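[1] A predicted structure for the sequence below; I have some questions about it.
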Amino acid sequence: MADLASRITKPEETPAEATPATPATEAKAEAPVDAPTDQNNLIENEYEVEVKLSDLQNDTESPLYSVQSFEELGLPKPINDGLLAMNFKKPSKIQERALPLMLSNPPRNMIAQSQSGTGKTAAFVLTVLSRIDLSKSRQPQALILAPSRELARQIQMVVQTIGQFCENLVVEAAIPGSIGRDTGVQGSVVVGTPGTVIDLVRRRALNVSGLKVLVIDEADNMLDQQGLGEQCVRVKALLPKDIQILLFSATFPERVMAYAERYAPNANQMKLKQQDLTVKGISQMYMDCPDQDQKYDILCKLYGLMTIGSSVIFVRTRESATEIQKRMEADGHKVSALHGAHEGASRDSLLDDFRSGRSKVLITTNVLARGIDVSSVSMVINYDIPMKGTSNEPDPETYLHRIGRTGRFGRVGVSISFVYDGRSFNALSQIAEHYGIDLIQLSPEDWDYTEKKVQDVIKSTRAKADYAPNATSG
Ligand SMILES: Nc1ncnc2c1ncn2[C@@H]1O[C@H](COP(=O)(O)OP(=O)(O)OP(=O)(O)O)[C@@H](O)[C@H]1O
């Protein structure tokens, strides 16, 4: 079993600039992590080194690297206009490489892997928008499946935003409560969760006969037989046989990959090497807590000390999410908790509040571990180390997706995983070993160091980026 001690970086060995591996992330900057940036004007501050997103996109090692512009990819003008409106200047690697393969004719299936926050959504949305016939705007032609209502809504928003100049484009969500009993699904693009989609097809409220593209986002999770796999098989059985299938995720563990290849036969594939899975801009740390009882106090202390942008705290159960929320609120912190026990509308408004910055701290379960894109998130806390079910087995994929809620598209962020006993320590060690990553140790005995460490990392590694406005907010 791996020993976390062999994977940690001792405080004194960790210069603030040591974390990033690419030159592009070695910049020093003072601005807060969620400050707006301007692509033409470097932000003025006391540090002299500046990095812009364009630098990352010229760094061949970066997942944001590309050779071409969107124009050179030959997309229809209304789509290019949409990208321009979003301030997307150049494609990321996955966008540049996967798009020509997905758009070639006859259509071929695709299994595509790329790190969290590298623009997979736009990659499949551009394909969907290029494939649909807008003169048949009320006929469902593309179906996009996601594991949660939040992610489905977010993707719906991305389709609408990139497609804002595509005349007659109608995008509908197929999530619990979104489609009235009497009205069928009318959109040419349908974004939904598998259970609701099956229900709609059964009730003849969703006509699937004209579907040309099926996208499954977070595909390893969606096809996993322990989870939503069975539902996705049932959806596929209802669809036209020659439909183009596109599977996307940041992780494709081997046991799911073989299955994915059967689900999307003869697919073109873009896979990452194990050592390339983690995002360089995320500084991964862990907090060595003396025991479970002190975890909560340490969490509060952390929040008391840090002036962080937005942050997400991941816990194992709904009950602990609610309990931590209550305790933090009683201690004067303003936090929100979102989990599966809340009904749909309140989940939507909680996430909208978090996206807009009205609430800055979100306590949640694995329901939001995947896909959610809120660019201002600068810190992720694994209050509980992710485990597979109730077993003693750590869940490296969920770890990667959780920490990937920060460090989106060239931004930097910090993740802090709490360990307090042999089990949590071993679980985190195995996750670190799995990805070959070094974790920086934080100690509750040394708050000065902890505060400095977190703030330094954020400042010193902040990549100055000409970020697009967060297309999915609201
Ligand atoms: N070419 C681009 N230029 C600038 N910003 C982009 C570009 N492509 C995507 N983005 C932005 O990058 C952010 C992350 O994109 P996205 O949510 O698609 O990541 P992802 O790869 O799907 O991540 P995850 O694995 O977490 O689901 C979004 O805010 C998106 O608007």
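    Received, thanks.

[2] excluding sequence neighbours, find me the nearest residue to A341.
    Of all residues not flanking A341 in the chain, R318 sits nearest, at 4.8 Å (C-beta to C-beta, 6 or more residues apart in numbering). Bear in mind the C-beta positions are built from the backbone N, C-alpha and C, glycine included.

[3] give the contact list for that neighbour.
    Residues in contact with R318 (C-beta atoms under 8 Å, 6 or more residues apart in numbering) are H339, G340, A341, T365.

[4] over to the second one. Which of the three states is it?
    Read that as G340. Following DSSP: H, G, I helix; E, B strand; the rest coil, G340 is assigned to coil.

[5] pretty sure E261 sits against A267.
    Yes. Counting by C-beta atoms under 8 Å, E261 does reach A267; the two are 6.8 Å apart.

[6] out of these two, which sits in the more crowded spot?
    Applying other C-beta atoms under 10 Å to E261 and A267 shows that A267 carries more neighbours, namely 19 against 16.

[7] got any ranges where this protein has weak pLDDT?
    Residues of the chain meeting the criterion pLDDT under 70: 1-58, 65-67, 306-308, 457-474.

[8] residues in it within reach of the ligand, list them.
    Within the chain, the positions adjacent to the ligand are 88, 90-92, 95, 114, 116-122, 250, 371, 373, 375, 404, 408-409, 468, 470-471 by C-beta under 6 Å from any ligand atom.

[9] got any residues that touch both of E261 and A267?
    Listed as contacting both E261 and A267 by C-beta under 8 Å, 6+ apart are I111.

[10] which of the residues of the chain next to the ligand fall within helices?
    Judged by DSSP state H, the residues of the chain next to the ligand include Q95, K120, T121, A122 as members of helices.

[11] nearest spatial neighbour of the second one, skipping sequence neighbours?
    Going back to what we said before, that points to K120. Excluding the flanking residues, the one nearest K120 by C-beta to C-beta, 6+ apart is F248, at 4.8 Å.

[12] returning to that earlier point: rebuild the ones in helices among the residues of the chain next to the ligand as TSV, extending it with neighbour count.
    Output for these, formatted as TSV (neighbours: other C-beta atoms under 10 Å):
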residue	neighbour count
Q95	25
K120	25
T121	26
A122	26
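
[13] for these, which two are the farthest from each other?
    Across those, no pair lies farther apart than Q95 and T121, at 9.8 Å, counting by C-beta to C-beta.

[14] which other helices and strands contact the helix or strand R402 falls within?
    Here R402 sits within helix 396-403, counting by DSSP states H and E. Under the contact criterion of 3 or more C-beta pairs under 8 Å, 6 or more residues apart in numbering; DSSP states H and E, helix 396-403 touches strand 377-382, strand 413-419, helix 422-435.

[15] report the angle between it and strand 377-382.
    Compare the direction of helix 396-403 with that of strand 377-382 by axes from the mean of the first three to the mean of the last three C-alpha atoms, to 10 degrees and you get 140 degrees.

[16] circling back: turn the helices and strands packed on helix 396-403 into CSV, including mean neighbour count.
    Below are the helices and strands packed on helix 396-403 laid out as CSV (neighbours: other C-beta under 10 Å):
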stretch, mean neighbour count
strand 377-382, 25
strand 413-419, 26
helix 422-435, 19
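
[17] wait, which of those is closest to Q164?
    Judging these by C-beta to C-beta, what sits closest to Q164 is strand 377-382, at 25.2 Å.

[18] hang on, N392 packs against R423?
    Yes. With contact defined as C-beta under 8 Å, N392 reaches R423; the gap is 6.5 Å.

[19] quick one: common contacting residues for the two?
    Contact criterion C-beta under 8 Å, 6+ apart; no residue bridges N392 and R423 by contacting each.

[20] give me the contact list for stretch 145-152.
    Stretch 145-152 is contacted by residues 144, 155, 173-176, 191-194, 197, 214-218, 221-222, 227-228, 232, 235, 344, 347-348, 351, 367-368, 370-372 when judged by C-beta under 8 Å, 6+ apart.

[21] please spell out the ChimeraX selection for the buried subset of those.
    Selecting only the buried entries of these in ChimeraX, with 16 or more other C-beta atoms under 10 Å as the criterion:
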select :144,155,173,174,175,191,192,193,194,197,214,215,216,217,218,221,222,228,232,235,347,348,351,367,368,370,371,372
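
[22] strands - which of the contacts of stretch 145-152 land there?
    Mapping the contacts of stretch 145-152 onto strands (DSSP state E) picks out I144, A173, A174, V191, G192, L214, V215, I216, D217.

[23] strands of the stretch 251-400 of the chain, start to end?
    Assigned by DSSP state E, counting those that start in this stretch, the strands in the stretch 251-400 of the chain fall at 268-270, 282-288, 310-314, 336-338, 361-364, 377-382.

[24] what about the closest residue to the ligand within the stretch 201-350 of the chain, how many neighbours?
    Closest residue of the stretch 201-350 of the chain to the ligand, C-beta to the nearest ligand atom: A250 (4.0 Å). Neighbouring residues of A250 were enumerated by other C-beta under 10 Å; the total is 23.

[25] cool, T60 as well?
    Using other C-beta under 10 Å, T60 has 8 other residues around it.

[26] for the ligand, see how far away it is.
    16 Å (C-beta to the nearest ligand atom, to the nearest Å).

[27] distance of that residue from V128?
    T60 sits 29 Å away from V128, taking C-beta to C-beta, to the nearest Å as the criterion.

[28] and the residue nearest to the spatial centre of the chain, how close does it get to K136?
    Centre of the chain computed as the mean C-alpha position; nearest residue by C-alpha atoms, centre = their mean is G371, 3.3 Å away. According to C-beta to C-beta, G371 and K136 sit 29 Å apart.

[29] was I right about the residue nearest to the centre of the chain contacting Q154?
    Yes. Taking C-beta under 8 Å as the definition, G371 is a contact partner of Q154 at 6.9 Å.

[30] what is in contact with the two at once?
    Residues touching both G371 and Q154 (C-beta under 8 Å, 6+ apart): T121.

[31] circling back: between the helix holding R402 and helix 422-435, how big is the angle?
    Relative orientation of helix 396-403 versus helix 422-435 (the same axes, to 10 degrees): 90 degrees.
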